[in-house]
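*Asks:* Quick one: sequence plus predicted model below, questions after.
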Amino acid sequence: MTTTTLAVLVPLLPFLGAVAGLLLGRTAPGFVRPLAVLPTLAALALACAVAWDQGGGRAVEAHTQLTPTGSVPIELALDVDGFAALVAVLVAFVATCVQIYSTGYLRDDPRYPSYAALVSLFTSAMLLVVYSGDLIVLLVGWEVMGICSYFLVGHYWETPEARAASLKAFLVTKLGDVPFLIGLFALATDAGSFRITTILSAVADGGLHHPTLVGLLLLCGVAGKSAQFPLHTWLPDAMAGPTPVSALIHAATMVAAGVYFVARLLPVFEASAAVMVVLAVMSAVTMTGSALAALAQDDIKRVLAYSTIGQLGYMTGALAVGDRGAAVFHLLSHGAFKALLFLAAGVIIHAAGTNSLAVMSRTSGLRERVPDAYWTMTVALLALAAIPPFSGFFSKESVLGAAEHATNGHAEHVPGSAGWIVLVAGLVTALLTAAYATRLWLLAFRGRGTEAPDHGRQPLSMTVVLWVLAVPSLAFGGFAYRSLPGWFDGRALTPTLATSVLGTGLALAGGLVTYGAWQRTRTSAARVPLGAVAAHPEGDAGQVEAEAIAAHAPAFGDVAYAPDPADPGRFLLGPLHRHAAEGFHLDALYGVLFVRPVLAAASLVQFLDREVVDTYVRGAGALPRLLGAAVRRAQTGNVQTYVSALLAGTVVLAVAVLLVATGV
């Protein structure tokens, strides 16, 4: 079987699994779990085979015209280079882990069949984006992911939070997709084709006539899909969906699509220095702002959500300094440890009965209840904080090294200012990342107070996945440095001394300062109403969570008197904490700037339709109605009345004729 055939089957198998799962979910429920896991597992095996055959060398290409469209044809094109081969392996690997994990996590969920089918469709759409060599076909996968995220984030549609989060995710990403679509058509018009290879050739030959306009339009879609400032606000709210969905969205699909798109078309963006500076500023604001917000969140999943936004900021920062190898390297590394963080968080939520770190900090013995989640999450948090030798150190160091390289003007097509912006923001974010990672670990696993409830051992399908993901979180960085430099444009991935020392030193400082703040505050006392802590329903795990919250009520009454949550984030941020916890009020700002004017315009249109348009419509119908009423009254059905009227009319006509004849 040729490499081209294998590559075609990679996105096709999860799609067929999704279709079969939807068709057989009700009639043959016993097939649901095999149909969820096996096609995705087979796609992983084929993606590995494609990566092995491609070998980081010449891209695998194939194409056929889809339909004649005139001057700009649309083609079913396959374009698998080293980046595409590696990213496809990541997508299939994380999706397989999520599907296996979900068989245990959502084992009692009545909507599991549709959930599993949508996850498979989500995976297929992302694989289509990765392998596609035509922008229109890529756009199909891009939009299918959007609708899948809408349904999966709103999986618990009974809760208003899930309904609002799914709608927000859909609308905010569509807000970026509209200019993105315009940018695609403008790009294809300049290049004369939607094929990626043809577009890149046109850019190399100077055939792109509006690089700044096209680049900025495309960045709008990237900002929405990859949750970059200012269109990032949907991602923290998307935590209302099941935890495995969060792992899939954050680690391998949807949010990775925007970064991957820029990496594939980086020369298009490099054609404009202004676009590269805008990309650098966007990444810098995203990195630092999301890290500060993560340090103030109480919901463990929202901490990880803001963490994802920040790590995506590192990736866009690498692209802003012209190093797509560093961006994709961090995408791959981040995919492994972020999937592990979310899936381990699901186990912790199940055991603690809540998403709240404040409640977890009042619970002792949690790490003994979930030792697998404890050890694997520790590995993932160390990777997130970029502590050597964990994978996050190597990939984040590659980003910082690329930024340092660009500050000296050595990066072609990249202004030196972009390098400085990314470097300074990246170092500040390294400090903050280690701080919120340490805070999460301390509050979740070093709490004091009520004994953690014992729900027994987690299903094997959940714990095995955690250990599988822990391996790349620990070893992938060193392996990539040693074995994969040829896959990343042939560039060496060797750490640079200056950024390694600075980045690691700041990370260690962030962790130590946070630990010191935690020690200082943990002895105080606080009164926290239990009513402020809401269980987050997630199928079988959600039922355990609700029972665990209720179990605290007899012990504490309406108000819990417990040790202070010892939140070092509140201590470190000071007056900034309240604003950071609210995401710096961007949602409120957007409400004033966009939501209220739209609602006001809708109210005005409703008023005009009701009071003006409807008035004219009713008036237009009133006159015929009155005439009809008059005619209807004349039709009495009385023959004598009709004869009298006829005679009277005859007399009137006769008199009129006589008068005319006599000339009177």
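*Replies:* Perfect, I can see it now. Numbers count the residues shown, from 1 in each chain.

*Asks:* shouldn't Ala318 be in contact with Ser333?
*Replies:* No - the pair Ala318 / Ser333 is not scored as a contact, 11.9 Å apart, by Cβ atoms under 8 Å. In short, each C-beta sits where N, CA and C put it, glycine included.

*Asks:* So between the two, which is more surrounded?
*Replies:* Set Ala318 next to Ser333 and count neighbours by other Cβ atoms under 10 Å: Ala318 wins out with 33 against 28.

*Asks:* Can I take it that that one is in a helix?
*Replies:* Yes - under DSSP: H, G, I helix; E, B strand; the rest coil, Ala318 sits within a helix.

*Asks:* got a list of what it touches?
*Replies:* If you count contacts by Cβ atoms under 8 Å, 6 or more residues apart in numbering, Ala318 has them with 324, 326-327, 330, 398-399, 402-403, 422.

*Asks:* What does the pLDDT read for Arg625?
*Replies:* Listed pLDDT for Arg625 reads 80.

*Asks:* what does the one 10 residues further on give?
*Replies:* According to the predicted model, the pLDDT of Gln635 comes to 73.

*Asks:* what residues are up against it?
*Replies:* Contacts for Gln635 (Cβ under 8 Å, 6+ apart) come out as none.

*Asks:* do the same with Leu304
*Replies:* Contacts of Leu304 (Cβ under 8 Å, 6+ apart): 246, 250, 338, 341-342, 345.

*Asks:* go on, Gly310?
*Replies:* Gly310 sits next to 286-287, 290-291, 294, 429, 432-433 when contact means Cβ under 8 Å, 6+ apart.

*Asks:* any idea where the strands of the stretch 351-500 of the chain begin and end?
*Replies:* 363-364, 450-451 (DSSP state E, counting those that start in this stretch).

*Asks:* which of these sits most buried?
*Replies:* Compared across the strands of the stretch 351-500 of the chain, strand 363-364 shows the largest average neighbour count, a mean of 20 (mean count of other Cβ atoms under 10 Å).

*Asks:* what mean pLDDT does it have?
*Replies:* Mean predicted confidence for strand 363-364 is 84.

*Asks:* Which neighbours in the sheet does that strand have, and how are they oriented?
*Replies:* Paired strands of strand 363-364, with direction, are strand 450-451 (parallel) (DSSP bridges).

*Asks:* can you pull out the helices in the stretch 501-650 of the chain?
*Replies:* Counting by DSSP state H, counting those that start in this stretch, the segments of the stretch 501-650 of the chain that form helices are 539-556, 568-573, 576-581, 586-590, 596-607, 614-634, 639-662.

*Asks:* buried stuff in the shortest one?
*Replies:* For helix 586-590, burial by neighbour count (16 or more other Cβ atoms under 10 Å) applies to 586, 590.

*Asks:* Pull the distance from it to the chain's centre.
*Replies:* In terms of Cα atoms, centre = their mean, to the nearest Å, the centre of helix 586-590 is found 19 Å from the chain centre.

*Asks:* The host helix or strand of Val214: what's the following helix or strand?
*Replies:* Following DSSP states H and E, one finds Val214 within helix 211-225. Going down the chain from helix 211-225, the next helix or strand is helix 234-237, by DSSP H and E.

*Asks:* Residues touching that next one, excluding its own?
*Replies:* Residues outside helix 234-237 that contact it (Cβ under 8 Å, 6+ apart): 161, 164-165, 168-169, 172-173, 227, 250, 255, 293, 297, 302, 305-306, 308-309, 583.

*Asks:* rewinding a little: just the ones of the contacts of Leu304 in helices?
*Replies:* Assignment to helices by DSSP state H places the following of the contacts of Leu304 there: 246, 250, 338, 341-342, 345.

*Asks:* What is the nearest of the residues you listed to Gly621?
*Replies:* Ser246 (55.2 Å; Cβ to Cβ).

*Asks:* Tell me who's in contact with that closest one.
*Replies:* By Cβ under 8 Å, 6+ apart, the contact set of Ser246 is 238-239, 301, 304-305, 342.

*Asks:* how far away is the residue nearest the centre of the chain from Gln519?
*Replies:* Most central in the chain under Cα atoms, centre = their mean is Val255, positioned 4.5 Å from the mean C-alpha point. According to Cβ to Cβ, to the nearest Å, Val255 stands 35 Å off from Gln519.

*Asks:* same thing with Asn355?
*Replies:* 25 Å.

*Asks:* And for Pro39?
*Replies:* For Pro39, the distance to Gln519 - Cβ to Cβ - is 50 Å.

*Asks:* Settle it for me: which of these two has more neighbours?
*Replies:* When neighbours are counted by other Cβ under 10 Å, Pro39 and Gln519 differ, and Pro39 comes out ahead with 25 against 12.

*Asks:* Next, the closest residue in space to that one that isn't next to it in sequence: secondary structure please.
*Replies:* Nearest residue to Pro39, sequence neighbours excluded (Cβ to Cβ, 6 or more residues apart in numbering): Gly17, at 3.1 Å. Here Gly17 is helix, with the state taken from three-state DSSP.

*Asks:* In this model Leu118 seems to touch Gly17, though I could be wrong.
*Replies:* No - Gly17 is not in contact with Leu118 according to Cβ under 8 Å; the separation is 11.2 Å.

*Asks:* Those two: who's more crowded?
*Replies:* Ranked by neighbour count (other Cβ under 10 Å), Gly17 and Leu118 place Gly17 first, with 28 against 22.

*Asks:* before we move on, back to that, nearest to Ala630, of the ones in helices among the contacts of Leu304?
*Replies:* Ser246 (70.1 Å).

*Asks:* How about the backbone phi and psi for the closest residue in space to Lys396 that isn't next to it in sequence?
*Replies:* If the residues on either side of it in the chain are set aside, Lys396 comes closest to Ala386, at 4.3 Å by Cβ to Cβ, 6+ apart. The phi and psi values for Ala386, taken as degrees, to the nearest 10, are phi 60, psi 40.

*Asks:* Gly310 should be in a strand, yeah?
*Replies:* No - applying three-state DSSP, one finds Gly310 to be helix, outside a strand.

*Asks:* which non-adjacent residue is nearest it?
*Replies:* Once flanking residues are discounted, Gly310 sits nearest to Ser290: 4.1 Å by Cβ to Cβ, 6+ apart.

*Asks:* Around the one you found, how many other residues sit close by?
*Replies:* 32.

*Asks:* And the nearest residue to Phe584 once chain neighbours are set aside, how close does it get to Leu576?
*Replies:* When the adjacent residues along the chain are set aside, Phe584 lies closest to Gly289, with 6.4 Å between them (Cβ to Cβ, 6+ apart). Distance of Gly289 to Leu576, computed by Cβ to Cβ: 11 Å.

*Asks:* Could you check which of those two is surrounded by more residues?
*Replies:* Between Gly289 and Leu576, Gly289 has the larger neighbour count (other Cβ under 10 Å), namely 24 against 14.

*Asks:* is it true that that one touches Phe229?
*Replies:* Yes - the criterion here is Cβ under 8 Å, and Gly289 meets it with Phe229 at 6.5 Å.
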